[in-house]
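Asks: Sequence first, then the predicted structure:
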Amino acid sequence: MADASVSFAVQKLGDFLIQEINLRSSLREDIQWLQNELLSMQAFLRDAEQKQSGDQTVKQLVVDINTIANHAVAVLETYSLEAGKGDEDGFANRFKACACICRKEKKLYNVTKEIQSIKKRIMDIIRKRETYGITNINNDGEGTSNQVRTLRRTTSYIDEDHIFVGFQDVVQTLLDELLKAEPRRRVLSIYGMGGLGKTTLARNLYTSPNIASTFFTRAWICVSQEYNTIDLLKTIIKSIQGCAKETLDLLEKMAEMDLEIYLRKLLTKSKYLVVVDDVWQREAWESLKRAFPDSKNGSRVIITTRKEDVAERADDRGFVHKLRFLSQEESWDLFCRKLLDVRAMVPAMESLAKDMVEKCRGLPLAIVVLSGLLSHKKGLDEWQKVKDYLWKNIIEDKSIEISNILSLSYNDLSIVLKQCFLYFGIFPEDQVLEAENIIWLWMAEGFIPRREERMEDVAEGFLNELIRRSLVQVAKTFWEKVTKCRVHDLLRDLAIQKALEVNFFDAYDPRSHSISSLCIRHVIHSQGERYLSLDLSNLKLRSIMFFDLDFRNMSLKNSSNVFQHLYVLYLEMRVDNMFFVLVPNAIGSLYHLKFLRLKGRIDDLPTSIGNLKNLQTLVINEGRYSCELPRETADLINLRHLVAPFSKPLKRISKLTSLQVLKGVHCDQWKDVDPVDLVNLRELSMRYINKSFSLNNISSLKNLSTLSLFCRDGKSFPSLEFVNCCEKLQKLRLKGRIEKLPHLFPNSITMMVMRDSKLTEDPMPILGMLPNLRNLDLFRAYEGKEIMCSDNNSFSQLEFLTLYDLRKLEKWHLSTSAMPLIKGVCIYHCPMLKEIPERMKDAKKLSLEDIHS
């Protein structure tokens, strides 16, 4: 992983030489020498890292190289920041020009001293190389380049394997228990070792159509090893009632006992199912179970745990299921399902694979990761090497340790994919992560190589690659894209272990009140304000990420020194507190910042935010509370992603020519915008629309591909005729009353959601004419009695259809040639529709969790 830091440093050194054209020749030569030496080091760093596990000296050498590379970047960034300030002073007052020149010379002198010091350290490492036997290996730059080119082809990812291999009988047994006509509230406990699939099984039950139609109140919580009962109770309540401001304000006022009583009353009203996932201690369940009332209406609770005693003692009359291992036949079935190209497996390869799968001893996680690894190994020799490596660690007839498979899969990743995978270790255990958020963080960290494609597309390709290798799990998809993901606990443990080995990141330990000074990324899961009391003055931190819900004080004292090298500042605070968090003016001094996320109750941002000229991503609140963005936000010339429900008009928004994603804008702030200069905008989400506003200027967004428009509750859209001018529009989501559906939509549309449209005329004749429409979701969109899908409007490419809450719909006419490619159908809350077309009975029945709109 030091290779990644070196690569980043080489890029920064090259950029510095281009930008600073007036450097004195001796300094330029030193920087060029440093760049060349670091570049040559990349040829043996991988060899060094492979040897470090058994050699403490070599391990230290890798750490030293990593430190030197990061130091070199920090030196140049410090100079660029201070020189920039000097230039501004000079422009402000021409009479200070001479003083500015003197200051700049002094700064260059300091840079020269720093670079000379780094140069000596590099020469010392060069002398040690032969001593430690670290030899150059073939430079695989071309191979890496080819791999990047392959990965950046971002084909859409959908996990089609919804069948829980080997456990269909278990699923049916547990479904029978859940649906049993027994009025008493019962607890079903599922236990077994990590990697057996407890969570997957529970989710299969939770999303079952039979369960969804039986338990109208459902909730899911992850407990994990470190838990907070108050937060767990709030999570259940919010999953049932939603996250409206009134609910959040009410919850904040409650103590633990109040929350328990409130939840009991809430659950008493209906038949419920609650999944309590990943319980480690009996005390965790004991602290929650009083909140789950027994109303004698057949309510159920599912617990998953690795601990037998937790499962056995959850309910004296409950049902306990110990999850078994897969049989040999089931194991092979699962392996083949996850293999990318089964047809390329010749008999000799199949024999090797069966030996390895057998040694997995029926552990599903081991099997799918092994399959993901072998999917990227071409030919018999490569598969033999994998088997030889794994067999080294097998004693007699024992099974393969899952840790060996996971480590081998990690080692098989390219440098850039290793970085991307290690990043998952930063986030709290069991957290479901927004794919978009992960991608934007990777970009800010500099993980994504500069190519001709958009960085977002390349990063999405990397995420899909980790998914294909079964190192990352899909949690949710929408519009043929992964929107949420997670990593298994064992893989998160692996990411943390590997990250610590190479100083990729470190987590603050409040017990010892310490954190590594060698890591450039710090993560804080609790006691964030205490972390800030540490002496951080000599660190060159690149990223600080707070996941401390109780964090309150955003003071950035001495930020110009302590945090001046930050690329990422991520603060995830409690959103249901009673007061707003004040963002200090010092935030504007973080000149290098590329990613800023503030999740909490943020009132407004200071005007200094406009100083962050390198900012790529700004995420505030994410739709919960409106904030005020200062007019200086429009000075963020490199901003690519703006997600903020801002409450006042943002003037000069058209200056943000780099903007690709804009979410949270209110319609009355948009109406006076001239978007003609927003040439890179790909995704627009707009709220609070009503009939009095014109949306016609959206037609000027020539590269717009995703458009989401939300009316105020019960309000109507203005004319939507402008949509036909959006020639590259592929995904369209409309929420609100549509008085008249446009007769023309762009042929480019592939996905469409219409919600609360309340159309009185059948929309099918118009929508069926769209030649590329693949997904169509109609939620309370039509109030008529019949829909007609004739030969003239054939839905020639439609694959997935949702009809939800069409309460007056009685008949569905479907011609023999319409919807020839249909794969899945979801029909829900259509009480008058007694019969569906015969051909639709063969289509896959989708659950509401498959829709996600």
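Replies: That came in fine, so what should we check first?
Asks: Show me the domain layout of the chain.
Replies: 2-139, 145-166+326-502, 174-322, 505-611 (automatic domain parsing).
Asks: Could you point out which of the ones you listed sits nearest residue 640?
Replies: Residue 640 lies closest to domain 145-166+326-502 among the domains of the chain, at 7.9 Å (CB to CB). Where you see a C-beta, it was placed from the backbone N, CA and C, and this is true even at glycine.
Asks: what about the closest one, distance to the chain center?
Replies: Mean-position distance between domain 145-166+326-502 and its chain equals 16 Å (CA atoms, centre = their mean, to the nearest Å).
Asks: swap in stretch 111-128?
Replies: In terms of CA atoms, centre = their mean, the gap separating the centre of stretch 111-128 from the centre of its chain is 39 Å.
Asks: how close does residue 13 sit to residue 26?
Replies: Separation of residue 13 from residue 26 (CB to CB, to the nearest Å): 16 Å.
Asks: Tell me how many other residues surround the residue lying closest to residue 814 once chain neighbours are set aside.
Replies: Excluding its sequence neighbours, the residue lying closest to residue 814 (CB to CB, 6 or more residues apart in numbering) is residue 837, at 3.9 Å. Applying other CB atoms under 10 Å, we find 18 other residues in the vicinity of residue 837.
Asks: Please apply the same query to residue 666.
Replies: By other CB under 10 Å, 20 other residues sit near residue 666.
Asks: shouldn't it be in contact with residue 688?
Replies: Yes. Shown here, residue 666 and residue 688 form a contact pair, counting by CB atoms under 8 Å, at 4.6 Å.
Asks: Make JSON lines out of the domains of the chain and add distance to residue 750, mean pLDDT and mean neighbour count.
Replies: Below are these laid out as JSON lines (distance: least, CB to CB, whole Å; pLDDT from 0 to 100; neighbours: other CB atoms under 10 Å):
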{"stretch": "domain 2-139", "distance to residue 750": "36", "mean pLDDT": "66", "mean neighbour count": "16"}
{"stretch": "domain 145-166+326-502", "distance to residue 750": "8", "mean pLDDT": "85", "mean neighbour count": "18"}
{"stretch": "domain 174-322", "distance to residue 750": "25", "mean pLDDT": "89", "mean neighbour count": "18"}
{"stretch": "domain 505-611", "distance to residue 750": "30", "mean pLDDT": "82", "mean neighbour count": "18"}
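Asks: So which of these is nearest residue 802?
Replies: Closest of those to residue 802 is domain 145-166+326-502, at 12.0 Å (criterion: CB to CB).
Asks: tell me the secondary structure for residue 834?
Replies: Under DSSP: H, G, I helix; E, B strand; the rest coil, residue 834 falls in the coil class.
Asks: Return the residues in contact with the closest residue to it other than its chain neighbours.
Replies: Nearest residue to residue 834 in three dimensions, chain neighbours excluded: residue 810, at 7.5 Å (CB to CB, 6+ apart). Contact partners of residue 810, counting by CB atoms under 8 Å, 6 or more residues apart in numbering, are 785-786, 832-834.
Asks: What segments of the stretch 401-550 of the chain are strands?
Replies: Per DSSP state E, counting those that start in this stretch, the stretch 401-550 of the chain carries strands over the ranges 433-434, 473-478, 481-486, 506-507, 521-524, 543-546.
Asks: Of all those strands, which one is nearest residue 341?
Replies: strand 473-478 (19.9 Å).
Asks: quick check: angle from the closest one to strand 481-486?
Replies: Interaxial angle, strand 473-478 versus strand 481-486 (axes from the mean of the first three to the mean of the last three CA atoms, to 10 degrees): 150 degrees.
Asks: Could I have the CA atoms of the host helix or strand of residue 329 written out in CSV?
Replies: Using DSSP states H and E, residue 329 sits in helix 328-338. Output of helix 328-338 as CSV, limited to C-alpha atoms (Å, rounded to 0.1, in the frame of the first residue of the first chain):
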residue,chain,number,x,y,z
GLN,A,328,-20.8,-30.6,-0.8
GLU,A,329,-23.4,-30.5,-3.6
GLU,A,330,-24.8,-27.2,-2.3
SER,A,331,-21.3,-25.7,-1.9
TRP,A,332,-20.5,-26.5,-5.5
ASP,A,333,-23.8,-25.0,-6.7
LEU,A,334,-23.1,-21.8,-4.8
PHE,A,335,-19.5,-21.7,-6.2
CYS,A,336,-20.7,-22.0,-9.8
ARG,A,337,-23.5,-19.4,-9.4
LYS,A,338,-20.9,-16.9,-8.3
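Asks: give me the number of residues near the closest residue to residue 817 other than its chain neighbours?
Replies: Among residues not flanking residue 817 along the chain, residue 791 sits closest, at 5.1 Å (CB to CB, 6+ apart). For residue 791, the tally of surrounding residues (other CB under 10 Å) stands at 10.
Asks: need the contact list for residue 791.
Replies: 815-818.
Asks: farthest-separated two in those?
Replies: Most distant of these, by CB to CB, are 816 and 818, 7.5 Å apart.
Asks: neighbour count winner among these two?
Replies: Comparing residue 816 with residue 818 by other CB under 10 Å, the one with more neighbours is residue 818, at 22 against 8.
Asks: Does that one touch residue 788 like I think?
Replies: No. Counting by CB under 8 Å, residue 818 does not reach residue 788; the two are 9.3 Å apart.
Asks: Can you check which residues contact both of those two?
Replies: When CB under 8 Å, 6+ apart defines a contact, no residue borders residue 818 and residue 788 alike.
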